[in-house]
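Asker: Quick one, what's the 3D model for this:
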Amino acid sequence: MKDVKGFIIDLDGTVYTGVYAIPGAIEAVKKLQSFNIPYVFLSNRGNYSRAMCEAKLKGMGLSVDPERIVLSSTVTARFLLQQYPGEAVWPFGDPGLAEELRSHGVVMAEQPEHAKWLVITLHEHLTYAELNQAFRAVRHGARIIATNEDKMFPTEAGDCIDVAGMIGAIVHATGEPVSHVMGKPSTIMANAALSVLGLAPEQCIVVGDSLTSDIGLGSMHGMKTALVLTGNATQQDIDCAEQRPDYISNDLLQLVNDFEVECGLR
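Answerer: Numbering: from 1, shown residues only. As a prediction, the model looks like this:
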């Protein structure tokens, strides 16, 4: 890892699980801070805003510049502003999605029928009324953009259904396809992380618990990859995977400790 100059770090299953920090993860990030190693948190979470994520990490004892937090909701907001400026959207997800969209100045539709875009993300408190509003938006011509299409995410209670379930409900009911998917392993997410770090892809390592989104992103974009065994993936998954990580660590702290030794920082 001597060539590594910056870390791209996943959150769910890598830094925390649900409301609890994974043992050693906060210490690991603090080590990177003390070494002045550039890092960015890159998460497929679309139902959080950066402000919410910053507050969550602070509650775990880690102070982070919000500019070092890039969520799929963040990238979705920027994409809409750049590609479809002024077009109204209807958010379908937990309140953090709308909060992040508004923080970037994205126009919000007053009614589902007025929306040009339906933005789908995780909705952990979904009601039938909200599901039906999303359905109505698409039935009246809104195109669909998804913050990501992950099938599940880890919590302290076990794996839970993710955005794929929300997408399936709307696509199956309306017959309309998803026009854009923002989350990892997309190029738009990779570029957003590299922009924060100011580094070339070959100087970065992607650290996460998902073979598909995290290892996939690194492999597709010329970055080193490290899988931590604190989330979704198991050793059996690795053995069967087409895209194998460059490194496998029990957790984030072990990886950072190995980096520290190899680079002579200890």
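
Asker: who touches residue 188 in this structure?
Answerer: Applying CB atoms under 8 Å, 6 or more residues apart in numbering, we find residue 188 in contact with 75, 79, 182. Quick note: C-beta positions are derived from backbone N, CA and C, even for glycine.

Asker: contacting residues around the first one?
Answerer: Shown here is residue 75, whose contacts under the criterion CB under 8 Å, 6+ apart are 147, 182, 183, 188, 189, 192.

Asker: Out of those, give me the one that has the most neighbours.
Answerer: Compared across the contacts of residue 75, residue 147 has the highest neighbour count, 31 neighbours, by other CB atoms under 10 Å.

Asker: how deep is the closest residue to it other than its chain neighbours tucked in, by neighbour count?
Answerer: Nearest residue to residue 147, sequence neighbours excluded (CB to CB, 6 or more residues apart in numbering): residue 46, at 2.7 Å. Using other CB under 10 Å, residue 46 is surrounded by 33 other residues.

Asker: Just the pLDDT at residue 46, thanks.
Answerer: Note for residue 46: predicted pLDDT of 96.

Asker: Pipe the contacts of residue 188 into a markdown table and attach secondary structure and pLDDT per row.
Answerer: As requested, those are exported to a markdown table (DSSP: H, G, I helix; E, B strand; the rest coil; pLDDT from 0 to 100):
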| residue | secondary structure | pLDDT |
| --- | --- | --- |
| 75 | helix | 98 |
| 79 | helix | 98 |
| 182 | coil | 97 |
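
Asker: Closest one to residue 39 out of the residues you listed, please.
Answerer: Comparing the contacts of residue 188 against residue 39 with CB to CB places residue 75 closest, at 17.6 Å.

Asker: gap between that closest one and residue 207?
Answerer: 19 Å (CB to CB, to the nearest Å).

Asker: Same check on residue 260?
Answerer: In terms of CB to CB, residue 260 sits 14 Å off from residue 207.

Asker: neighbour count winner among the two?
Answerer: residue 207 (29 against 17).

Asker: Please, where are all the strands along the stretch 51-200 of the chain?
Answerer: With DSSP state E, counting those that start in this stretch as the criterion, the stretch 51-200 of the chain has strands at 69-71, 89-92, 117-120, 143-146, 152-155, 158-161, 178-181.

Asker: do you know which of these lies nearest residue 228?
Answerer: Judging those by CB to CB, what sits closest to residue 228 is strand 152-155, at 11.5 Å.

Asker: I'd like the C-alpha coordinates of the closest one written as CSV, please.
Answerer: This file holds the C-alpha atoms of strand 152-155, laid out as CSV (Å, rounded to 0.1, in the frame of the first residue of the first chain):
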residue,chain,number,x,y,z
MET,A,152,-29.8,-4.8,1.2
PHE,A,153,-27.8,-3.0,3.9
PRO,A,154,-26.5,-4.2,7.3
THR,A,155,-28.0,-3.1,10.6
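
Asker: check contacts around the closest residue to residue 64 other than its chain neighbours.
Answerer: Nearest residue to residue 64, sequence neighbours excluded (CB to CB, 6+ apart): residue 57, at 5.3 Å. Residues counted as contacts of residue 57 (CB under 8 Å, 6+ apart) are 15, 63, 64.

Asker: I'm done for today, thanks for sticking with me.
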